[in-house]
Structure formats: C-alpha cells, structure tokens
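1. For reference, the sequence and a predicted model appear below.
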Amino acid sequence: MRTVLPVLLLLVLFAPPVAAHEHPGGSVDRVTPGAVRVEVGASVEITLLDDRAALRRFTRTYTVDLGAGSGFTVAPDGTVVTATRTVTGGQDPAVYAANRIFAEYFEQDIPADFAKHTAGTGDLDFRLQSCYPPERSNSTCTSTVTPVVKIFPYVDPALPEGLPAEVLHTGASPTAPAVLRVTKGAEDKTLPTLPLAAAFGDKIAAIDVMTYKQRPSVTVTPTVDIAHFDPPGSRTLKQEDRDRVTKLVAADGDGGAVIDDAHSEVVGMVTSTGTDIQFATVEDIHAALKEAGATAYRGPVDVVFETALAHYHDRSYSLAIPVLQQVLKLRPDHAVAISHLRDSQAWKGTDKEAQRPGADEGGSGFWSLWSVGAAVLLVLALGTGVLLLRRPRREQRHNPDEMATAVVVAEPLRVLPPAPQAPPLTTVDRSEPGPPSPASAPATPFFREPGPADRPAYCTQCGMRRGPAHRFCGFCGHPA
C-alpha cells in the first residue's frame, strides 16, 4: 500500500483534466433511437339486412383511423409502451361503419363520422337506429371490428407502412400505460430500446419529454423538450414549463417518454388532459409490463451503440467509426448511428477530433496519450490498493498450491502421467537423501486440469474478451 499512495498522489496532481461528455439535453441520442409513433385504427366488416320485400344482405368493409400518439420501445422484440387513450381512442368504429353503409345503401346524406344521426322519421329512421351498436335481436346491421395497430420506429430509411402490432394490456384509465408488441418485423430482436429506471425517485428535477408528432422520416425526428419539476420529485412542473409541455403533448399525442435528464433513463410517461398534463411513473410502467406478461430489457444493438456513444461524445471519432459500423451490421437502419457515422467519418483527423475538448492545437495528441496512460495507471493502482486492503495479512504468505493454480490458469498445462516407481533398494546410501516415499507426497497435486471457471471468457463471434457477468459482447453485441 505504501507504493500505491505515491502513485495515486502523482496522478491526481499532474493528470490533465478529464474530457467531459457533451450530452446535449441529457444524452438525447441515447434515448431517441427508441422513440416510436403509434397509430391505431380498425377494420370493420358490416352487413346491412333489408327485409322489406325479400331478405337482402349488403356487406361492406371499412377502414377507419381511431387515433395516434407517441410511444417508446422497452425491449428489442418490439415491446412498446404508450398511453391507454392512444389505443382505445374513445370512438366506436361500428358507429362509423353504420353511417357509411346506411348512406351508401339507402342513398341518404349521413355524415361519415362517429356520431349517431337520424334519417327523417318513420321506418327509415328506425332502420338506421337499429343499425347502430350494440347489436340486439331486431338489429338491422351486424358488424365485426378488428383493431389495426401500427408502430413506426425511428429508422432510416423510414418504414412507410410501419410494423403491425397487437395490444397486450390497457390500463383502467385513459392516462395509464398500455403495452403493445410488434407481431411482424422484430423477429431478430434488434429494435433500439430505452433504458427504464428502477424507480421514479424523489430527487428528479430536470426531465426530457420525448414525443413523436408524425410518422418518422428524414425530416421528422423525435421531439425532445426539457422541463423541470418544482419541487424535485413532485411531478409538478415549473410554471414557465407547464404551458409549453402541455401544448407539446396535445399536438404530438399521449404516451411520450419522461426521461431523467441526469441519467438518461425513462422515469415515466406523459399524457394530456387538454388543459393540463399528467404523469405516470416508471413504477406504473413496470406494473403494466407485468400485467401484460412482458419484460423490459436491452439488446445487443443498445450495448454496442452505447460503446460508440462514449467515443463519439469524447470526440474520438477514429475510435467511434468501427463501433458505429458494427452497430449498423446489427441494425442497418439505425438512424442515429447512421448520422453519427457520417459525422465521424467527416471529422476524423480534423481539428474537431480531440480527446480533450478545448485542447490547444499540437498538444492534444500528447495530452490524449497522457490521459489514457494516467487512466490505466489509476485503475491498476486502485485495484492493487483495494486488493491489499481487503486481503488479510496472514494470507500474504506464498502458498505453493495457489501459485501452481495461478500458473495453470495463465497457461493451461496438461496433467503429466505419474513417473514409474523405482524398485525398492536393498541398501541405503545415507550420504545422499533418498526420494520421498509415496506416503509423504502432498494430498493436493501440484498441477491440475483447469476447470471452466478458470478459463477466461471470449466472444465466440469476434474473439474479444468478455466479462463473466455480461449477457452480450461489448464490442459486437453477440449474445453470451
């Protein structure tokens, strides 16, 4: 420990300032890849029954839009969270279909909307009222409603038809979280996701509200607006932020993500009441996922992309380029990775590339190498110090068995076959010590065959070393 302290002191005194990450708006590019636009509609097959002269059946199928809103992906298999109001809408598509088919069959001027109308008086109006839901024994119409849910992720090029999805869970109130899942197009489990916080917390002050106003395209990107809780953790916005966020959610739709600006994690979901906004906490989101039988987790694309972000925000574009290319091998339409790769290739080797923002020209290379070296020495010194502090003094004696084990782990050796025993001697030469007898041999062999726990873990895809607790390779994202 005496040799560790001087090294630490020198590193602290003479190391250059650590390069700060430039994360505008709380690392918006860490969360925007998981933003989605949610559109909900219905396909209604309706049959009108006319029994005035002879029984006739008139059948039509109509597609109707019920609503749209914002949402975010929480699992790479296409599990999406949005607001219940976005999914349910509050409009009855069977009423819309009744107005359409009655106006077409009887040639009446009935608006194509979700309101119930009249058709004059007498028998014609009776037939119209009997066509509206709910169905009864004397109904003149029968209908079957099939929900149509589509998810539009933030990808490049955009998906003009979106990804079909199903509703797994809706809440008891319109402002509660709803859970959807993509049914086709996410089989490879590579959709970018947002990290969920464990709890809302009572110290959250600055937040980012992320919404999606339209279907994603080259020019339509997620909207991220910063706001503040007053007091922290209260879910009450400051007065100067309240009107702006209310208008944002009212225009872009319910279901936007609420992100802790300090940690870039989702801590809730936002909905609009028209004149004010309401927040559902991350605990509500976790409860909805549990009810839906779904799990929030991050995939290999997210792991590799965050590695690329660390280099990109440190302005180490030469290091960011190969990692971003690996992201695009896993997910070729990752919109943010495409943008960052284009910038990194343009800025590589220019004045914009520097390990330490604001460094003088000509000196950035020296200080970059010094920063890396200092960081490595600091980690080694801290690790050595911790081991020395935690290790009891009585264990500092060299144990031959431990030393042999360490040698085996570093360089695996085969177990040597036992040497043939010499025949017993009839005479003993006491001037030379004889070989030890088998009874005096140690119980533990000096060499042993290394087990699975002794072998270092390496990625079977790219060959890079992998940590024992990692679920994915930190370089290529291949599952462990």
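-> Good, I have the coordinates.
2. Strands of this structure, start to end?
-> All strands of the chain, identified by DSSP state E, fall at 35-50, 56-75, 79-83, 141-153, 163-169, 177-182, 206-211, 223-228, 256-260, 265-272, 277-281.
3. Isn't Val87 up against Ala178?
-> Yes - shown here, Val87 and Ala178 form a contact pair, counting by CB atoms under 8 Å, at 4.7 Å. Using the backbone N, CA and C atoms, a C-beta is placed for each residue, glycine as well.
4. could you dump the strands of the chain to a markdown table with distance to Trp347, mean pLDDT and mean neighbour count?
-> Output for the strands of the chain, formatted as a markdown table (distance: least, CB to CB, whole Å; pLDDT from 0 to 100; neighbours: other CB atoms under 10 Å):
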| stretch | distance to Trp347 | mean pLDDT | mean neighbour count |
| --- | --- | --- | --- |
| strand 35-50 | 25 | 96 | 21 |
| strand 56-75 | 29 | 96 | 20 |
| strand 79-83 | 34 | 97 | 29 |
| strand 141-153 | 27 | 96 | 19 |
| strand 163-169 | 34 | 96 | 18 |
| strand 177-182 | 35 | 98 | 26 |
| strand 206-211 | 26 | 95 | 23 |
| strand 223-228 | 23 | 94 | 19 |
| strand 256-260 | 27 | 96 | 29 |
| strand 265-272 | 29 | 95 | 25 |
| strand 277-281 | 39 | 94 | 21 |
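5. any residues in contact with both of Val87 and Ala178?
-> Common neighbours of Val87 and Ala178 (criterion: CB atoms under 8 Å, 6 or more residues apart in numbering): 167, 170.
6. give me the low-pLDDT residue ranges for the chain?
-> 1-27, 355-480 (pLDDT under 70).
7. let's go with 50 and repeat that
-> Within the chain, the stretches with pLDDT under 50 are 1-26, 356-416, 419, 422, 425-434, 436-450, 454.
8. Which parts of it are helices?
-> Along the chain, the segments classed as helices by DSSP state H run 4-14, 28-31, 84-88, 93-106, 123-131, 239-252, 282-292, 300-313, 317-330, 335-347, 364-390, 400-410.
9. Against which helices or strands is the fourth one packed?
-> Right, helix 93-106. strand 35-50, strand 56-75, helix 123-131, strand 141-153 (3 or more CB pairs under 8 Å, 6 or more residues apart in numbering; DSSP states H and E).
10. For Phe279, find the nearest of these.
-> Judged by CB to CB, the one of those that comes nearest to Phe279 is strand 56-75, at 13.9 Å.
11. picking up where we left off before, between the strands of the chain, which one is nearest to Pro111?
-> Here strand 56-75 is closest among the strands of the chain (CB to CB), at 13.3 Å.
12. From the contact counts, what lies against the closest one?
-> By 3+ CB pairs under 8 Å, 6+ apart, strand 56-75 packs against strand 35-50, strand 79-83, helix 84-88, helix 93-106, strand 141-153, strand 206-211, strand 256-260.
13. tell me the contacts of the nearest residue to Val155 once chain neighbours are set aside?
-> Nearest residue to Val155 in three dimensions, chain neighbours excluded: Asp333, at 4.0 Å (CB to CB, 6 or more residues apart in numbering). Shown in contact with Asp333 (CB under 8 Å, 6+ apart): 155-157.
14. for Asp333, phi and psi?
-> Backbone geometry at Asp333, expressed as degrees, to the nearest 10, gives phi -100, psi 20.
15. re the thing from before, how about the helices and strands packed on strand 56-75 in CSV, adding distance to Arg244?
-> As requested, these are exported to CSV (distance: least, CB to CB, whole Å):
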stretch, distance to Arg244
strand 35-50, 19
strand 79-83, 19
helix 84-88, 21
helix 93-106, 34
strand 141-153, 25
strand 206-211, 9
strand 256-260, 13
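16. Would you mind listing which of the contacts of Asp333 are buried?
-> 155-156 (16 or more other CB atoms under 10 Å).
17. So which of the contacts of Asp333 is the closest to Lys116?
-> Among the contacts of Asp333, and counting by CB to CB, the member closest to Lys116 is Val155, at 41.2 Å.
18. So what pairs up with the closest one in the strands?
-> His334 (DSSP bridges).
19. isn't it right up against Pro216?
-> Yes - Val155 is within contact range of Pro216, at 6.9 Å (criterion: CB under 8 Å).
20. list the residues that contact both of those two?
-> In contact with both Val155 and Pro216: Ala335, using CB under 8 Å, 6+ apart.
21. In this structure Leu49 contacts Thr140, no?
-> Yes - assessed by CB under 8 Å, Leu49 is found in contact with Thr140 at 5.2 Å.
22. Leu237: neighbour count?
-> Here the number of neighbours of Leu237 (other CB atoms under 10 Å) works out to 21.
23. swap in Val95?
-> Val95: 20 neighbours (other CB under 10 Å).
24. and it, how far is that from Thr59?
-> 18 Å (CB to CB, to the nearest Å).
25. One more: Phe229?
-> 54 Å.
26. Contact partners for the residue nearest to Asp284 when sequence neighbours are not counted?
-> Among residues not flanking Asp284 along the chain, Pro177 sits closest, at 5.6 Å (CB to CB, 6+ apart). Pro177 is in contact with 81-84, 171, 269, 280, 284-285, 288, counting by CB under 8 Å, 6+ apart.
27. again, but for Thr84
-> 170-171, 173-178.
28. What lies in contact with stretch 55-64?
-> Applying CB under 8 Å, 6+ apart, the contact partners of stretch 55-64 are 41-50, 93, 96-97, 100-101, 104-105, 148.
29. now swap in stretch 289-297 and tell me
-> With contact meaning CB under 8 Å, 6+ apart, stretch 289-297 is reached by 74-76, 79, 81, 168-169, 179, 181, 193, 196, 285-286.
30. As JSON lines, the residues you listed with distance to Arg242 would be great.
-> Compiled in JSON lines, the contacts of stretch 289-297 are given as follows (distance: CB to CB, whole Å):
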{"residue": "Val74", "distance to Arg242": "27"}
{"residue": "Ala75", "distance to Arg242": "32"}
{"residue": "Pro76", "distance to Arg242": "35"}
{"residue": "Thr79", "distance to Arg242": "31"}
{"residue": "Val81", "distance to Arg242": "23"}
{"residue": "Leu168", "distance to Arg242": "32"}
{"residue": "His169", "distance to Arg242": "30"}
{"residue": "Val179", "distance to Arg242": "28"}
{"residue": "Arg181", "distance to Arg242": "33"}
{"residue": "Thr193", "distance to Arg242": "29"}
{"residue": "Leu196", "distance to Arg242": "25"}
{"residue": "Ile285", "distance to Arg242": "23"}
{"residue": "His286", "distance to Arg242": "27"}
